[in-house]
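S.K.: Below is the sequence, then the predicted model.
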Amino acid sequence: AGFSVGEEHFVFILAFVKTILLILMEQFVACPILFALWEIPAATVLNRAPLDRIPYEIEHKLSEMLIANAKVWTVANFLIYNVPVQYRVGISNVIDIFWQSIVSNFAADCGKNPDDETYLVEGIAFVTATGINGTDITISN
């Protein structure tokens, strides 16, 4: 009585291997490129930091973003890649709302002076805070 792999087992193993390969390609190819060439530079520029600040931001935020991405999307992608096609977009969108809240925290910090809470703007440091009455207060040097 030997062990034989039935066709349904083969299909399951093939789907599992395909899922692993897709997740690895996302984690180690697509995400580093997307984060380093779009997410981090765009957030840095939108926070009005000088362009020469972008390499610093990539160096200091890329690994943190990749780790956060792996924590959220590894399990999520196992689910998404293996549910019926008609449910994939909905499940992906729900998880993406959560993911975008994480990305917004990274984006808010791009261009910030690491020593304090000021932003670097063309060599001028400034802080914007909300006053008691809800108006914005900007302090610059």
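M.R.: Happy to help now that I have it.
S.K.: show me where the protein has strands.
M.R.: Applying DSSP state E to the chain gives strands spanning 119-121, 124-130, 136-140.
S.K.: same question for the longest helix along the chain, mean pLDDT?
M.R.: For the chain, the helix that runs over the most residues, judged by DSSP state H, is helix 54-82. In this model, helix 54-82 has an average pLDDT of 95.
S.K.: Pull out the buried residues from it.
M.R.: 54, 56-58, 61-62, 65-66, 69, 72-73, 76-77, 80 (16 or more other Cβ atoms under 10 Å). For the C-beta atoms, the positions are set from N, CA and C on the backbone; glycine is no exception.
S.K.: And those residues, which two are furthest apart?
M.R.: Spanning the widest gap among those are Tyr56 and Ile80, at 33.9 Å by Cβ to Cβ.
S.K.: Below-threshold pLDDT in this protein: ranges please.
M.R.: Applying pLDDT under 70 to the chain flags residues 1-5, 114-141.
S.K.: Neighbours of Phe98, how many?
M.R.: Residues near Phe98, counting by other Cβ atoms under 10 Å, number 10.
S.K.: and the gap between it and Asn105?
M.R.: 12 Å (Cβ to Cβ, to the nearest Å).
S.K.: Pull the contacting residues for Val83.
M.R.: Contacts for Val83 were tallied using Cβ atoms under 8 Å, 6 or more residues apart in numbering; they are Ile91.
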